[in-house]
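Student: Here is my input, please return the structure:
(chains A, B and C)
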Amino acid sequence: MNWVWLHRFGSPPYFYRWAGRIVPWLAWPAALLILAGLYGGLVLAPADYQQGDGYRIIYVHVPSAWLSLMIYTVMALAAAVGLIWRIKVAHAVAASCAPIGAWFTGVGLVTGMLWGQPMWGTYWEWDPRLVFYLVLLFFYMGYSGLRSAIDDTTRADRAAAVLAIVGAVNVPIVHYSVIWWNSLHQPPSLALTSKPTMPASMYVPLLLLFLGFTLFFYAVMLTRARAEVLRRERGGNWIRAALETTR
Amino acid sequence: MSEWFAMNGYARYVWPSVAAALIALVWNALRARSLLKQARAEVRRRLASEDES
Amino acid sequence: MSGVKTSAPRAFFLVIQRDLRLAFRRPGEWLQPVAFFAIVTLLFPLALDPEPARLRALAPGALWVAALLSSLLAIEFLYRDDGRDGTLEQFALSGQSFASLLFAKTVAHWFLTGVPLAIAAPIAALALGAPPHSLSGVLLALLLGSVSLSLIGAIGAGLTLGIRRGGALLSLLVLPLSIPTLVFGARATELAIAGASGAELAAPLYLLGALAVLGVTLAPLAAAAAVRISLE
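Tutor: Predicted coordinates for the structure are as follows:
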């Protein structure tokens, strides 16, 4: 395996320029996809035959929930790369993931609760999915808390990386245990049973939003990571050149 | 139009959800931009003070 | 430094011996978490109406929440003194496996806090109205669960080592990681109190055991990495 590409991305000047070039190519398609997906989901798609128009929450809930898990994976992978190969840029990426992940976990929870009220008759059901995302939010908060408690950047990076990896081992176990716990305590709750096959007018907007949210995350994360890289880099003539040539 | 806003009675659940997502999207986008701007301004200040000394 | 290198298992047991000996000189410190556990379980009957049936239904949850909080209280002592007086640095420079020496400390810590907790739990369960024949199940559940709690706590204590006033942060790091242990442990305790036995009771106990085994294999490495970072 050739690791040259990894080390190239690990070089702050290269990363800074590369990310600066690629962000517009992520951000604009993301904006278009999200707008199109919302239009399709909220206006064009027909109402669900069981849940009426209430099901439309799916178009913001499911992409957010998906993001919060995907961001955790990206964060843990970046943390592992940073810890193993001692690549500072990877730590900058991991640090940039956490606040975005916490935001979208929060959105997933809030929209889940707002969906729960009309469907289950209560804002908070001890549903395994809701509980799991609440725990995920605590993971993100712990990660950010540890980071901000340590003043030295290198130490904060490495300690937070250990935590992210430990959390990544634990997330599937928590998921499994919460499902197991629920299957013992819960009388079968009103499941969100939708029709076995969604018509295309319903799922195409959802696909657009999945893609749009994902691209949006990468655009925001890379922008934050660029700021982190600048903040961390002491001296360095490349910064002078980079500030003049790139946006 | 107003019928669409009413969402057949689900308006009080659908619109806050959409609003939550939009707030998250807009806030994160603006926050990332302002962080990058701040970092750039800070580096510029540092480089300028290095040039003087 | 003496020329003869101590073998790894011997170093492991020496550290356990040393920690136990140090602890026995100051029994107040490691008895505190058990006392805390007893007080928290006492609070439940006082705060609620001590009606036997209700207390019995509540007992598993009360026992496990109290156990979790008390292990959290205890874990702060794990590296604190050795971090202050430079013993951990000596461990890191000793040429022995750092992870195994720290694991030895965790084992000693489990003897001092986990085992007393597991012994106190059946007594507390009895006070909460659990039938006497269920106590062996309660003991076993806490014995297995406290292994995981000590190991998870060791990671958290390593990460927050050297952070002033890290207590609240420690709980934010450790408690979410402890959720599987809480779920399986409380379920095993609940089944034991309800009078289950055999395969029905064994299922959550096996899961607790699996968590403990997973913890023993992975947590010492993570804890060692965390402590090393804090020492840098």
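
Student: In space, what's closest to C:G185 - neighbours in sequence excluded?
Tutor: Nearest residue to C:G185 in three dimensions, chain neighbours excluded: C:G145, at 3.9 Å (C-beta to C-beta, 6 or more residues apart in numbering or on different chains). (Each C-beta comes from the backbone N, C-alpha and C, glycine too.)

Student: near chain A, which residues of chain B show up?
Tutor: B:4, B:7-10, B:13-14, B:16-18, B:20-21, B:24-25, B:27-29, B:31-33, B:35-36, B:38-40, B:42-44, B:47 (C-beta under 8 Å from any C-beta of the partner chain).

Student: Which strand or helix spans the residue nearest to C:G185?
Tutor: Assigned by DSSP states H and E, C:G145 belongs to helix C:135-160.

Student: same question, C:D49
Tutor: Going by DSSP H and E, C:D49 is not in any helix or strand.

Student: try A:A159
Tutor: Short version, using DSSP H and E: A:A159 is in helix A:153-185.

Student: report the angle between the axes of that helix and helix C:135-160?
Tutor: Comparing the axes of helix A:153-185 and helix C:135-160 via axes from the mean of the first three to the mean of the last three C-alpha atoms, to 10 degrees yields an angle of 160 degrees.

Student: right, is helix A:153-185 up against chain C?
Tutor: Yes - residues of helix A:153-185 contacting chain C under C-beta under 8 Å from any C-beta: A:154-155, A:158-159, A:162-163, A:165-167, A:169-170, A:173-174, A:176-178, A:180-181, A:184.

Student: Could you check what's spatially nearest to the closest residue to chain A within chain C, not counting adjacent residues?
Tutor: Minimum separation of chain C from chain A (C-beta to the nearest C-beta) falls at C:P180, amounting to 3.9 Å. Leaving aside its sequence neighbours, C:P180 sits nearest to A:S177 (C-beta to C-beta, 6+ apart; 3.9 Å).

Student: Give the buried residues for stretch C:63-82.
Tutor: By neighbour count on 16 or more other C-beta atoms under 10 Å in any protein chain shown, the buried set for stretch C:63-82 is C:63-64, C:66-79, C:82.

Student: my bad, stretch C:38-56
Tutor: C:A38, C:V40, C:T41, C:F44, C:P45, C:L55, C:R56.

Student: isn't the third one right up against C:A66?
Tutor: Yep, that's C:T41 we're talking about. Yes - contact criterion C-beta atoms under 8 Å: C:T41 and C:A66 qualify, at 5.0 Å.

Student: What ranges does the chain have for its helices?
Tutor: This is for chain A. A:4-9, A:12-39, A:58-85, A:88-120, A:128-149, A:153-185, A:200-232, A:237-245 (DSSP state H).

Student: my question was about chain B
Tutor: Along chain B, the segments classed as helices by DSSP H run B:2-6, B:11-52.

Student: Kindly report the residues of chain C close to chain A.
Tutor: Neighbours of chain A within chain C, by C-beta under 8 Å from any C-beta: C:155, C:159-160, C:163, C:166, C:169, C:172-173, C:175-177, C:179-180, C:183-184, C:187, C:211, C:214, C:218, C:222, C:225-226, C:229-230, C:232.

Student: lowest confidence element among the helices and strands of chain B?
Tutor: Across the helices and strands of chain B, mean confidence by mean pLDDT, DSSP states H and E is lowest for helix B:2-6: a mean of 80.

Student: what sits up against that helix?
Tutor: Residues from elsewhere that reach helix B:2-6, judged by C-beta atoms under 8 Å, 6 or more residues apart in numbering or on different chains: A:V43, B:A11, B:W15.

Student: Count the residues that sit near the residue lying closest to the second one once chain neighbours are set aside.
Tutor: Yep, that's B:A11 we're talking about. Nearest residue to B:A11, sequence neighbours excluded (C-beta to C-beta, 6+ apart): B:F5, at 6.1 Å. Neighbours of B:F5 under the rule other C-beta atoms under 10 Å in any protein chain shown: 9.

Student: Please apply the same query to C:T160.
Tutor: Neighbours around C:T160, by other C-beta under 10 Å: 29.

Student: can I assume it is in contact with A:A149?
Tutor: Yes - counting by C-beta under 8 Å, C:T160 touches A:A149, with 7.4 Å between them.

Student: which neighbours do those two share?
Tutor: C:G166, C:L169.

Student: Below-threshold pLDDT in the chain: ranges please.
Tutor: No chain in the question, so chain A it is. Low-confidence segments of chain A (pLDDT under 70): A:1-3, A:184-197, A:235, A:245-247.

Student: look at chain C instead
Tutor: C:1-4.

Student: middle-most residue in it, spatially?
Tutor: The C-alpha lying nearest the average C-alpha coordinate of chain C belongs to C:S150 (C-alpha atoms, centre = their mean; 3.3 Å).

Student: For C:F77, see how far away that one is.
Tutor: Using C-beta to C-beta, to the nearest Å, C:S150 is found at 12 Å from C:F77.

Student: What segments of chain C are helices?
Tutor: According to DSSP H, the helices that chain C contains are C:8-25, C:27-47, C:52-75, C:77-84, C:87-93, C:98-109, C:115-127, C:135-160, C:167-177, C:179-193, C:199-231.

Student: and those helices as JSON lines, adding distance to A:I71?
Tutor: Listed next are the helices of chain C as JSON lines, based on distance: least, C-beta to C-beta, whole Å:
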{"stretch": "helix C:8-25", "distance to A:I71": "40"}
{"stretch": "helix C:27-47", "distance to A:I71": "36"}
{"stretch": "helix C:52-75", "distance to A:I71": "28"}
{"stretch": "helix C:77-84", "distance to A:I71": "31"}
{"stretch": "helix C:87-93", "distance to A:I71": "34"}
{"stretch": "helix C:98-109", "distance to A:I71": "30"}
{"stretch": "helix C:115-127", "distance to A:I71": "37"}
{"stretch": "helix C:135-160", "distance to A:I71": "21"}
{"stretch": "helix C:167-177", "distance to A:I71": "17"}
{"stretch": "helix C:179-193", "distance to A:I71": "20"}
{"stretch": "helix C:199-231", "distance to A:I71": "22"}
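
Student: mind checking which of those is nearest A:P12?
Tutor: Nearest to A:P12 among these is helix C:199-231 (21.8 Å), distances taken as C-beta to C-beta.

Student: in that closest one, what's buried?
Tutor: Within helix C:199-231, the residues that count as buried by 16+ other C-beta under 10 Å are C:201, C:203-205, C:207-209, C:211-212, C:214-215, C:218-231.

Student: Could you double-check that C:G167 sits in contact with C:E76?
Tutor: Yes - applying C-beta under 8 Å, one finds C:G167 in contact with C:E76, separated by 6.6 Å.
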